[in-house]
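> Please find the sequence and the predicted model below.
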Amino acid sequence: EVRSSYTYPKEYKGPKPIADQIKAIAKIFDLDPSHAIEFAKNLPALPEGAEGWFAIPSVDALAKKHFPEVTDLAQKYCQAVQLVHAKIAASRSFYNYREGQITPAQLRVHARTAHALDLIAETQKGDILIVAAQLGMRHRGKSVRRAREVFVANEFGLGSLAVGSIVLTHPERLVRWEELDMDCSGDEFSPGAGGDFSRSPDFYFYDGEVGFAACFVERPHDDFGSVSGFLSQ
């Protein structure tokens, strides 16, 4: 861990109304919002540590709509992340330092996160999932490895798909270099496709554009914090 005084940019006012987020995700990815809209009418109490509710697309829904020929779970996820990157690039200046490396050999969902999302999907059957989350402040200055170690029992890291989707619905979250940027602690990245998975992806803002990269999990940065979700207790 290192000391950090970085905060969210002043333009970011917190999570938007969940109904607005659901409609935005549905429009961006051409998904059915009906189940999520109904679920959002009776949300449980916000778990301790979460900043609010966020809407993210289901991997299976994205696959069914945009690449139905893909059946492998790992490949589905990678294709979904590539789709999110394409949507970000279509909406604003974006640079992917890992272009061509979003493959099952190099990107995978952390086991804790995969389990948590499976539990959420069991109670939310639609195209869009609603997740309680915080966008980095809780773990600012911690390495991804340290953040994962101090997660509370119902906490899990959010990955590239979820964080990228939040960037799409909350573009004001990444707007300046003097801000706390976002580690995707729910994903693991292998730079050489050799099975080491020693890095974790991140989204950040620099030189007028959003960037996507992957840094070593044991290296703390004062201007980054791990994004995490919470299961209802």
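Good, I have the coordinates. Residues are numbered from 1 along each chain as shown.
> Now do the same contact list for the spatially closest residue to Gln124 that is not a sequence neighbour.
Distances taken as C-beta to C-beta, 6 or more residues apart in numbering put Phe39 closest to Gln124, at 5.6 Å, once the chain neighbours are dropped. In short, each C-beta sits where N, CA and C put it, glycine included. By C-beta atoms under 8 Å, 6 or more residues apart in numbering, the contact set of Phe39 is 124, 126, 130.
> Quick one: which of those residues is the most crowded by neighbours?
Within those, most neighbours by other C-beta atoms under 10 Å means Ile130, with 22 neighbours.
> what's the helix or strand for that residue?
Per DSSP states H and E: Ile130 is located in strand 128-134.
> which helices and strands does that strand pack with?
helix 18-29, helix 34-40, strand 52-57, helix 111-123, helix 160-169, strand 228-230 (3 or more C-beta pairs under 8 Å, 6 or more residues apart in numbering; DSSP states H and E).
> ok, that strand: who's next to it in the sheet?
If you go by DSSP bridges, strand 128-134 pairs up with strand 52-57 (antiparallel), strand 228-230 (antiparallel).
> so who does the most centrally placed residue in the chain touch?
The residue lying closest to the centre of the chain (C-alpha atoms, centre = their mean) is Val163, at 2.1 Å. Residues in contact with Val163 (C-beta under 8 Å, 6+ apart) are 182, 184, 186, 203, 227.
> same thing with Ala213?
97-98, 201-202, 204.
> what's the burial count for Glu178?
Count around Glu178 with other C-beta under 10 Å applied: 11.
> Is it part of a helix or strand, or is it coil?
coil (DSSP: H, G, I helix; E, B strand; the rest coil).
> check contacts around it.
6, 9.
> Tyr95 versus that one, what's the distance?
19 Å (C-beta to C-beta, to the nearest Å).
> Can you get me a residue count around Leu119?
By other C-beta under 10 Å, neighbour count at Leu119 equals 14.
> Hmm, it is touching Ser232, no?
No. The pair Leu119 / Ser232 is not scored as a contact, 9.6 Å apart, by C-beta atoms under 8 Å.
> if we can go back for a sec, determine which two of the contacts of Val163 are furthest apart.
Within those, Gly186 and Phe203 form the most distant pair, 12.5 Å apart (C-beta to C-beta).
> Between these two, tell me which one has more neighbours.
Gly186 (28 against 24).
> If I look at the closest residue to Phe197 other than its chain neighbours, what pLDDT would I see?
Distances taken as C-beta to C-beta, 6+ apart place Glu188 nearest to Phe197, at 4.1 Å, with adjacent residues excluded. Turning to Glu188, the model gives it a pLDDT of 98.
> Enumerate the positions of the longest helix along the chain that are buried.
Looking across the chain with DSSP state H, the single longest helix is helix 73-91. Residues of helix 73-91 classed as buried: 76-85, 87-88 (neighbour count, 16 or more other C-beta atoms under 10 Å).
> that older thread, list only those of the contacts of Ala213 flagged as buried.
98, 201-202, 204.
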